[in-house]
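[1] predicted model and sequence below, questions to follow.
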Amino acid sequence: MRLMVMGQQAFGKATLEALLERGENVVAVYCAPDKEGRPDDPIKQAALEKGLPLYQPADFKDPEVLAQIRALKADLCLMAYVTIFVPEEAREIPTHGSICFHPSLLPLHRGPSSINWPIIGGATKTGLTLFYPNDGLDEGDILLQKEVEVGPDDTLGSIYFEKIFPLGVAAMLEAVDLFREGRAQRIKQDHTKATYESWCRKKDAQIDWSKPADQVYNLIRGTNPQPGAWTTFGGKTLQIFDARKKTGASGAPGEVIEVTADSITVAAAGGAIEVQRVRPEGEGKMTAGDFAAAAGLKQGATLG
């Protein structure tokens, strides 16, 4: 099969490399235009290293861009993490159209931060979907889905890099096989079950220590490493990353009930959070114990 790969960042690069490693015929690579002052996208670097035709159109509606895609005579376009809009006229040029990766079990968690929100909401499973994109937001028919377990201490980082990322690359290879063998299916999404959340931004990651400890912990792990849950101390922002939930502890919401050489423990409703790694405003990441020592934070202080 003649394959086009559209992608960005590490997932796009990994998908491209996996296709090439098993001898697939990648006829072109597309990625977003360069940004001034930013390093080249990893998939761009990989394409150039492999000597593959590389294109970075600013507008997929441009007639010249569409003509160039037609000239490739591709059988399938694989969209491996794409944040730019690709209209139907471009998507449908390959013989079998285009397949897009989305890191949730559609129709749940449509939108850009689809790994953060299930964890924040306390979900015990999530996954990924390969679907046929249309001009709606993550609304197209489904080709295949893969589930992953969300463990009680999983974070955004562990769910993506250890589970969804490798499973997603493998799913892209499986998709090629399904089309090659004539077994590709189209399953309509049940739009009545759809959920949508926008970007998980800093404003969404502020910790309310009066909330139940379970909710606070889910927020911390669902935003670790991005955008990073945060609270305040001494009028400055303090981001919280690695942490664990503790039961049997009590105190006023936000009260620091224990300080050790490595961590601080902060009370929330019905429990507490042992904070292990933080980033003070204007500084790099450090252990919570080192922060406490440097900032003069002691037992009895209040965060938030």
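    It's in.
[2] how about low-confidence regions in the stretch 1-150 of the chain?
    Along the stretch 1-150 of the chain, the model assigns pLDDT under 70 to no residue.
[3] may I have the distance across stretch 118-127, first residue to last?
    10 Å (C-alpha to C-alpha, to the nearest Å).
[4] for the helix ranked longest in the chain, list every residue counted as buried.
    In the chain, ranked by residue count with DSSP state H as the criterion, the top helix is helix 165-180. Using 16 or more other C-beta atoms under 10 Å as the burial criterion, the residues of helix 165-180 that qualify are 165, 168-169, 171-173, 175-176, 178-179. C-beta here means a position set from N, CA and C on the backbone, and glycine is covered the same way.
[5] where do the helices sit along the stretch 1-150 of the chain?
    Using DSSP state H, counting those that start in this stretch, the helices of the stretch 1-150 of the chain run over residues 9-21, 42-49, 63-72, 88-91, 116-120.
[6] how about these in a markdown table, adding mean neighbour count and distance to residue 219?
    A markdown table is the format used below for those (neighbours: other C-beta atoms under 10 Å; distance: least, C-beta to C-beta, whole Å):
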| stretch | mean neighbour count | distance to residue 219 |
| --- | --- | --- |
| helix 9-21 | 20 | 25 |
| helix 42-49 | 19 | 30 |
| helix 63-72 | 14 | 42 |
| helix 88-91 | 18 | 36 |
| helix 116-120 | 24 | 6 |
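[7] quick one, which of these gets closest to residue 29.
    helix 42-49 (3.9 Å; C-beta to C-beta).
[8] can you spell out the domain ranges of the protein, please?
    2-193, 202-295 (automatic domain parsing).
[9] looking at the ones you listed, which is nearest to residue 304?
    Closest to residue 304 of these is domain 202-295 (C-beta to C-beta; 4.3 Å).
[10] which residues touch the residue nearest the centre of the chain?
    The centroid of the chain falls nearest to residue 115 when counting by C-alpha atoms, centre = their mean (5.3 Å). Residues near residue 115 by C-beta atoms under 8 Å, 6 or more residues apart in numbering: 103-104, 126, 156, 159-160, 164.
[11] which of these sit farthest apart?
    Spanning the widest gap among the contacts of residue 115 are 104 and 156, at 12.7 Å by C-beta to C-beta.
[12] just put the contacts of residue 115 in JSON lines and tack on neighbour count and distance to residue 300.
    Formatted as JSON lines, the contacts of residue 115 follow (neighbours: other C-beta atoms under 10 Å; distance: C-beta to C-beta, whole Å):
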{"residue": "103", "neighbour count": "24", "distance to residue 300": "42"}
{"residue": "104", "neighbour count": "24", "distance to residue 300": "42"}
{"residue": "126", "neighbour count": "24", "distance to residue 300": "39"}
{"residue": "156", "neighbour count": "22", "distance to residue 300": "32"}
{"residue": "159", "neighbour count": "25", "distance to residue 300": "36"}
{"residue": "160", "neighbour count": "22", "distance to residue 300": "38"}
{"residue": "164", "neighbour count": "23", "distance to residue 300": "41"}
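[13] from those residues, pick the one nearest residue 240.
    Checking the contacts of residue 115 one by one against residue 240 (C-beta to C-beta), the nearest turns out to be residue 156, at 13.2 Å.
[14] I figured the closest one hits residue 229, correct?
    No. When contacts are counted by C-beta atoms under 8 Å, residue 156 is not listed as touching residue 229 (10.4 Å).
[15] common neighbours of the two, please.
    Shared contacts of residue 156 and residue 229, defined by C-beta under 8 Å, 6+ apart, comprise residue 223.
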